[in-house]
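Asker: What would the 3D arrangement of this be:
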Amino acid sequence: MQQLLTILLVLALQPSFAQEVIKLYDGPAPGSEDWDWSEGKAHDNGLDVEVIYNVTTPTLEVYLPSKFKATGTAVIIAPGGGFRVLAMEHEGREVARWLAEKGIAAFVLKYRIGHTTTGSPFEPEKPTGDRQAREEQDALIVEMALADGLKAMEYVRANSAKYSVKPDQIGFLGFSAGGTVTLSVAYNAENKNRPNFIAPIYAYEAAVIGGQVPTDTTPVFITVAGDDEYGMMPMSINIYEKWSAAGQPAELHVYERGGHGFGMNQQGLPIDGWYERLADWLRSHGLRKKRNPNKYEILYGEEKVEKGQQMNLIQLSNDFGGRDRYRAANAALKGKPAKGRVVLIGNSITDAWARLDTNFFARNNFVGRGISGQTSPQLLIRFRQDVVDLQPETVVIHIGTNDVAENTGPYDRAFTLGNIESMIDLAEAYDIDVVLASVLPATQFQWRRELGDRSADIVRLNEGIQQLAARRGLRYLDYHSALKNDQNGMDKDLAEDGVHPTTKAYGLMGKLLVKTLK
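Answerer: Predicted structure coming up:
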């Protein structure tokens, strides 16, 4: 189990920019046709947070997950800003990128807000007209934002097939004023634009339009800081009690500290992980099931695989090379005769072989030193203790599959070959003969399916390994040619998952290995 989970390590490559920007209306937004001011950006708020102001053209920025992470769930995100600005980054795009990494299609809503006339949204406006007129104007702005929210919901549901979204798994999430929009949408929606779940985060309830909790099941997730300086904590509790009393699934998280507007910011407080609680909540409602799970996710369950990935990230930070794996086994070999000893160092392919065919290894005085999921820099880190210190006559270096699969970073052929040559240098410094084995054929990696067909990269890497062996006067063990099919992969009888050898494949490899060593 551990070996299978290790190879599932994924280094997240989140989309930095929206894949698409959608205008919500064909022409000017209804009700604001005469708005002719220009949209602006500002940073001069003392918080180092970029905001936009004077929004006249409502849009949706689209952030889609990769095909193999997609869950079919979508979330519309409404940033906050008091209907005067929009905090598009830490309450919008950063949230969208995080959601996309979790397999959730994210749509950042840029909705209409009030007009800034002072040149900076952070300078107070001069009062104009009577109080009632100003309040009516403020209410009109909220109504326009609500209209934009409903239009966004309608658009995503109508185009759910285009974005590989399930029409009954579309939610709405908003911060502060965006939380006002979120609740207003939930209270005023019809079937075509009703969210299936909502997440008002430190929502400003006082300006919400409507108040009738939907009769259709609409789970709500609420988060707020107890020290919110704008009084959102009692509002959040009130929202929770209202939805709970209506029989709706409701979850509330009140953190001791965090203030207002924390969004995706990191403050070194427990509240920093609020969005992971959101991820847990989404999973509890069945909203994070992948549409195209890989073999391991089907076999062990998506949650267990994800936990395995998290454990491996911790393991990498604590012991990148896996030096502890064979510490005790290496100590047990000390004092035993090393004459004729051959160390096979590699990844899961070597690891599994040593465990599955102990008689073959014992009979030939082979010592297996494979660790699942490892790449060439990890082998180099442990090469001295797992090879040199064992004083073998020969070492068989078999590595490269996980380099191409980008288990520990982007693939670089020259970097991989350089790591292999550094291992050669170490071995020869201690008079250890070296055999370089080719990378096994493979067309796709189940744990990194988004990479597509990498068989050509494996062929080119093997060419480099063979050339390196010739240049250094070493034996080259060509597994690839013996196991490949017409697509430069392996048939199921040799590798059920296309990567890891079956007993039949190991039998062929064993004959080639013994022949090469003799």
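
Asker: Give me the buried positions along stretch 508-518.
Answerer: 509-510, 512-513, 516-517 (16 or more other CB atoms under 10 Å). Where you see a C-beta, it was placed from the backbone N, CA and C, and this is true even at glycine.

Asker: now swap in stretch 465-481 and tell me
Answerer: Buried-residue list, stretch 465-481, by 16+ other CB under 10 Å: 465-466, 468-469, 474, 476-480.

Asker: Relative to K504, which of those residues is nearest.
Answerer: Y479 (13.4 Å; CB to CB).

Asker: residues touching the closest residue to the closest one other than its chain neighbours, list them.
Answerer: Leaving aside its chain neighbours, Y479 sits nearest to S438 (5.1 Å; criterion: CB to CB, 6 or more residues apart in numbering). Contacts here follow CB atoms under 8 Å, 6 or more residues apart in numbering; on that basis S438 touches 462, 465-466, 476-481.

Asker: which two in those are spaced the farthest apart?
Answerer: Applying CB to CB across the contacts of S438, the maximum distance is between I465 and S481, 12.7 Å.

Asker: sorry, back to before: for the residue nearest to Y479, give its distance to G82.
Answerer: For S438, the distance to G82 equals 62 Å [CB to CB, to the nearest Å].

Asker: same deal with K511?
Answerer: 73 Å.

Asker: next one: E297
Answerer: In terms of CB to CB, E297 sits 42 Å off from G82.

Asker: Compare neighbour counts for those two and give me the winner.
Answerer: Legend: neighbour count by other CB atoms under 10 Å for E297 and G82, higher for E297 (20 against 17).

Asker: now that one, nearest residue through space, not along the chain?
Answerer: V305 (5.1 Å).

Asker: unless I'm mixing things up, the one you found is touching Y296, no?
Answerer: Yes. Using CB atoms under 8 Å, V305 makes contact with Y296 at a distance of 5.5 Å.

Asker: Please flag which of the contacts of S438 sit within helices.
Answerer: 462, 465-466, 479-481 (DSSP state H).

Asker: how about the strands of the stretch 101-250 of the chain, start to end?
Answerer: Under the criterion DSSP state E, counting those that start in this stretch, strands of the stretch 101-250 of the chain are mapped to 105-110, 170-175, 197-201, 220-225, 250-255.

Asker: re the thing from before, and the residue nearest to E297, how many residues sit next to it?
Answerer: Using other CB under 10 Å, V305 has 21 neighbouring residues.

Asker: low pLDDT regions in this protein?
Answerer: The model of the chain has pLDDT under 70 over residues 1-16, 44-48, 119-135.

Asker: May I ask which helix or strand encompasses Q309?
Answerer: helix 302-318 (DSSP states H and E).

Asker: what comes up buried for that helix?
Answerer: 302, 305-306, 308-309, 312, 316.

Asker: and that helix, how far out from the chain's middle?
Answerer: Its chain's C-alpha centre and that of helix 302-318 lie 12 Å apart, by CA atoms, centre = their mean, to the nearest Å.

Asker: got it, and stretch 425-438?
Answerer: 38 Å.

Asker: now do the same end-to-end measure for it.
Answerer: 19 Å (CA to CA, to the nearest Å).

Asker: Adjust the sequence numbering to begin at 53 for everything that follows.
Answerer: With 53 as the first residue, the last one maps to stretch 477-490.

Asker: Just the buried residues of that stretch, please?
Answerer: 478-479, 484, 486-490.

Asker: rewinding a little: just put the strands of the stretch 153-302 of the chain in TSV and tack on distance to V237 and mean neighbour count.
Answerer: Formatted as TSV, those follow (distance: least, CB to CB, whole Å; neighbours: other CB atoms under 10 Å):
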stretch	distance to V237	mean neighbour count
strand 157-162	10	27
strand 222-227	5	29
strand 249-253	8	27
strand 272-277	12	25
strand 302-307	17	18
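
Asker: Tabulate these (JSON lines), appending distance to Y215.
Answerer: Shown next, in JSON lines, are the strands of the stretch 153-302 of the chain (distance: least, CB to CB, whole Å):
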{"stretch": "strand 157-162", "distance to Y215": "5"}
{"stretch": "strand 222-227", "distance to Y215": "10"}
{"stretch": "strand 249-253", "distance to Y215": "17"}
{"stretch": "strand 272-277", "distance to Y215": "22"}
{"stretch": "strand 302-307", "distance to Y215": "26"}
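
Asker: mind checking which of those is nearest E141?
Answerer: Per CB to CB, nearest to E141 of those: strand 157-162, 9.8 Å.

Asker: what's the closest one in contact with?
Answerer: Strand 157-162 has contacts (CB under 8 Å, 6+ apart) with 70, 74, 104, 107, 109-117, 122, 125-131, 138, 140, 144-145, 147-149, 151-152, 200-201, 204, 208, 215-217, 230, 233.

Asker: Strand partners (parallel or antiparallel) of that strand?
Answerer: Next to strand 157-162 in the sheet, as set by DSSP bridges, lie strand 111-115 (antiparallel), strand 126-130 (parallel).

Asker: quick check: angle from the last one to strand 222-227?
Answerer: It stands for strand 126-130. 30 degrees (axes from the mean of the first three to the mean of the last three CA atoms, to 10 degrees).

Asker: List of residues touching strand 126-130?
Answerer: For strand 126-130, using CB under 8 Å, 6+ apart, the contacting residues are 112, 143-144, 147-148, 151, 156-161, 163, 197, 201, 204-205, 208, 212, 215, 217, 221-227, 229-231, 233-234, 247, 251.

Asker: Distance from the chain centre to it, please.
Answerer: Using CA atoms, centre = their mean, the offset of strand 126-130 from its chain centre is 18 Å.

Asker: could you give the angle of that strand to strand 249-253?
Answerer: Using the same axes, to 10 degrees: strand 126-130 against strand 249-253 is 30 degrees.

Asker: hang on, the earlier thing: other SSEs contacting the helix holding Q361?
Answerer: helix 54-58, helix 347-352 (3 or more CB pairs under 8 Å, 6 or more residues apart in numbering; DSSP states H and E).

Asker: on that earlier part again, output the buried residues of helix 354-370 as JSON lines; include the columns distance to S507.
Answerer: JSON lines is the format used below for these (distance: CB to CB, whole Å):
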{"residue": "E354", "distance to S507": "27"}
{"residue": "V357", "distance to S507": "25"}
{"residue": "E358", "distance to S507": "28"}
{"residue": "G360", "distance to S507": "26"}
{"residue": "Q361", "distance to S507": "25"}
{"residue": "N364", "distance to S507": "25"}
{"residue": "L368", "distance to S507": "27"}
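
Asker: Pull the most distant pair out of those residues.
Answerer: Distance extremes for the buried residues of helix 354-370: the farthest pair is E354 and L368 at 21.1 Å, using CB to CB.

Asker: picking that back up, tell me which of the ones in helices among the contacts of S490 is nearest to T495?
Answerer: H532 (12.6 Å).

Asker: Which residue comes closest to that closest one once chain neighbours are left out?
Answerer: S490 (4.2 Å).

Asker: quick one: that neighbour from S90, how far?
Answerer: Counting by CB to CB - S490 and S90 are separated by 61 Å.

Asker: center of the chain, which residue is that?
Answerer: For the chain, E153 is the residue whose C-alpha lies nearest the centre (CA atoms, centre = their mean; 3.6 Å).
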